[in-house]
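Student: coords below, sequence missing:
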């Protein structure tokens, strides 16, 4: 067993031009609702590139590119992943629903489904990620079609928001690819 | 649909005393090989609590508790999750193998298996996470029983190490619980 060398990694990667073709990306977007930290936003851009997500919808006071701190943790993915800015997450949720997408909150609720058991009818899918401290507020939650959660077994019962985004995003992409026999 | 209130969340959580009983934790550990960033180590402690991992083996120059930066991003999980310190990751890999655990590198190799298709024979399992820039070096890789990788579809082809740890850890815990009809 050996590590792949740079030339082999390049063969697996998209060019920036290929990556920008939104129709070829996975039918999964993230709404970021008042995510505070520039580093979390940068890390989510990096994951959104790796997972080829359709779009990041940056809402409320979530910081937006160009910002040097975002670019640093995104490793430049902020120039590749399609994104849009929204005054409020409510507007972004309504736009996604009008466009025919299922909108699910990533939040601990009384109606949570496992994040890794999505069905064909859930796609195209948009996941809502909340603020680092307060999560997703009730008004926004009421506008979502449902909620998913990552099973937790510990004392603190929380993940960093960029880690939670990665876990839920990777599992959703895997579900979609399995459902489309493209695993 | 409504968010769970604090009292409901408490019912789902372990107490710190329960959480420290290592035999009740999942048969999954992480070896951290020269992870540089205090914030990444703290974030991995937080995820290791949420996933009830067995142990974190902090190797080489990976920073160790107590450090205020680790405690901050760990939200105190550094006082709950069992951990040990090792001069080199090679020693830690050998200890794990002697104890009968499968040791898999989380790395892009020519022999990578999908991170979310683990088998019963893979457990108890220890995943090796490498340095933020250089990953896992060849000598250490040669000592591992194999490698798993997270499918990537983008231009940059990488995740932040704490995000990768969360994705691989959550998927491995889900595999183990499915294999044990405990999903």
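Tutor: Nice, thanks for sending it over. Small disclaimer: the values here were computed from a predicted structure and weren't measured.
Student: is the helix or strand of chain A with the lowest mean pLDDT positioned near chain B?
Tutor: Lowest by mean pLDDT, DSSP states H and E among the helices and strands of chain A is helix A:16-19, with a mean of 80. Yes. Helix A:16-19 comes into contact with chain B when judged by Cβ under 8 Å from any Cβ of the partner chain, the residues involved being A:16, A:19. All C-beta spots, glycine's among them, are computed from the backbone N, C-alpha and C.
Student: state the mean pLDDT of the helix or strand following that helix.
Tutor: Where DSSP states H and E defines the elements, the next helix or strand beyond helix A:16-19 is strand A:26-33. On average, the pLDDT along strand A:26-33 is 98.
Student: against which helices or strands is the least confident helix or strand of chain A packed?
Tutor: Using 3 or more Cβ pairs under 8 Å, 6 or more residues apart in numbering or on different chains; DSSP states H and E as the contact criterion, no helix or strand is in contact with helix A:16-19.
Student: okay, buried residues for it please.
Tutor: residue A:19 (16 or more other Cβ atoms under 10 Å in any protein chain shown).
Student: what does that helix contact?
Tutor: The set of residues that contact helix A:16-19 without belonging to it, under Cβ atoms under 8 Å, 6 or more residues apart in numbering or on different chains, is A:24-25, A:49, A:52, A:79-80, B:154-155.
Student: run the last query once more with 7 Å
Tutor: Outside of helix A:16-19, the residues that reach it under the criterion Cβ atoms under 7 Å, 6 or more residues apart in numbering or on different chains are A:80, B:154-155.
Student: which single one of those residues is nearest to residue B:176?
Tutor: Sorting the contacts of helix A:16-19 by how near they are to residue B:176, with Cβ to Cβ, puts residue B:154 at the top with 28.5 Å.
Student: residues contacting that closest one?
Tutor: Taking Cβ under 7 Å, 6+ apart, we find residue B:154 in contact with A:14, A:19, A:49-50, A:52.
Student: what strand or helix carries the residue nearest to it when sequence neighbours are not counted?
Tutor: The spatial neighbour of residue B:154 that comes closest, neighbours along the chain excluded (Cβ to Cβ, 6 or more residues apart in numbering or on different chains), is residue A:49 at 3.8 Å. Residue A:49 is located in helix A:38-50, with elements delineated by DSSP H and E.
Student: again, but for residue A:148
Tutor: With DSSP H and E as the criterion, the answer for residue A:148 is strand A:146-149.
Student: my guess is the residue nearest to residue B:154 contacts residue A:81, does it?
Tutor: Yes. With contact defined as Cβ atoms under 7 Å, residue A:49 counts as touching residue A:81 (5.2 Å).
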